[in-house]
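Enquirer: Compute the structure for the input listed below.
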Amino acid sequence: MPKILMWVAQEGFRDEELFEPQEAFRARGHIVDVVSHAAGTAVSKAGARLTVGALSCDEVSRYDAFLLVGGPGSMSLAQDARLHHCIVAARDAGLIVGAICFSPNILAAAGVLDGRRASVWNGPGLLEQHGCRWERSDVCTDGDLVTANGPAASVAWAQAVLDLLERRTP
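Expert: The predicted structure follows:
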């Protein structure tokens with residue numbers, strides 16, 4: 001049974017970008033763990049509160065997918081070295097890596113989008129600065145990388161991740 005790790009900013013993640021994909025993953029029987037920088041409570045842009053685990057790069061390889069949820073809280077984390085380390089660990093472990101809304105910029109800054117295609121909210125931002133080709137699409141899949149441009153694409157993003165997971169499951 002696939003395990004999915006979803007990272008959210010401690011404050012200001014987008015509700016739709018977490019809850020809609022999480023529901024789709026769980027409906028297929030997948031295990032979903034939600035983490036942030038610190039264990040405790042994370043608060044969404046709309047005020048939803050949830051209990052999250054702490055992000056641990058050492059445990060990333062236990063998952064099948066590592067997904068970054070966007071929202072205004074993620075915008076200050078594009079240069080977060082600890083998060084970058086976990087993203088690189090996920091890529092190096094062969095996980096499906098995904099991001100939605102602003103968060104593809106975090107992937108770009110972590111150096112995992114060089115030469116790849118990706119979608120992102122509000123234009124190319126950091127993508128092109130880091131050697132990524134920006135796609136004007138709701139969802140972009142490039143190999144084991146799935147990015148999306150914002151909350152309206154949450155369900156389609158989740159489906160793209162599910163499609164990749166199903167291809168990997170014997």
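Enquirer: for the one helix or strand A89 maps to, the distance to its chain's centre please.
Expert: Per DSSP states H and E, A89 falls inside helix 81-92. In terms of Cα atoms, centre = their mean, to the nearest Å, the centre of helix 81-92 is set 12 Å apart from its chain centre.
Enquirer: cool, stretch 9-25 as well?
Expert: Taking mean C-alpha positions (Cα atoms, centre = their mean), stretch 9-25 and its chain are 10 Å apart.
Enquirer: looking only at pLDDT, what's the mean for that stretch?
Expert: For stretch 9-25, mean pLDDT is 97.
Enquirer: Taking the centroid of this structure, which residue is nearest it?
Expert: Closest to where the C-alpha atoms of the chain average out (Cα atoms, centre = their mean) is L68, at 2.1 Å.
Enquirer: Touching, that residue and G98? I think so.
Expert: Yes: counting by Cβ atoms under 8 Å, G98 is a contact partner of L68 at 7.0 Å. C-beta here means a position set from N, CA and C on the backbone, and glycine is covered the same way.
Enquirer: SS state for R136?
Expert: Using DSSP: H, G, I helix; E, B strand; the rest coil, the structure places R136 in coil.
Enquirer: can you tell me which residues contact it?
Expert: S119 (Cβ atoms under 8 Å, 6 or more residues apart in numbering).
Enquirer: what number of residues lie near the closest residue to G71 other than its chain neighbours?
Expert: Residue nearest to G71 in three dimensions, not counting chain neighbours: R14, with 3.6 Å by Cβ to Cβ, 6 or more residues apart in numbering. By other Cβ atoms under 10 Å, the residues close to R14 number 27.
Enquirer: by contact count, what packs against the helix or strand of the chain with the lowest mean pLDDT?
Expert: When the helices and strands of the chain are compared on mean pLDDT, DSSP states H and E, helix 126-129 comes out lowest with a mean of 86. Applying 3 or more Cβ pairs under 8 Å, 6 or more residues apart in numbering; DSSP states H and E, we find helix 126-129 packed against helix 104-110, strand 133-134.
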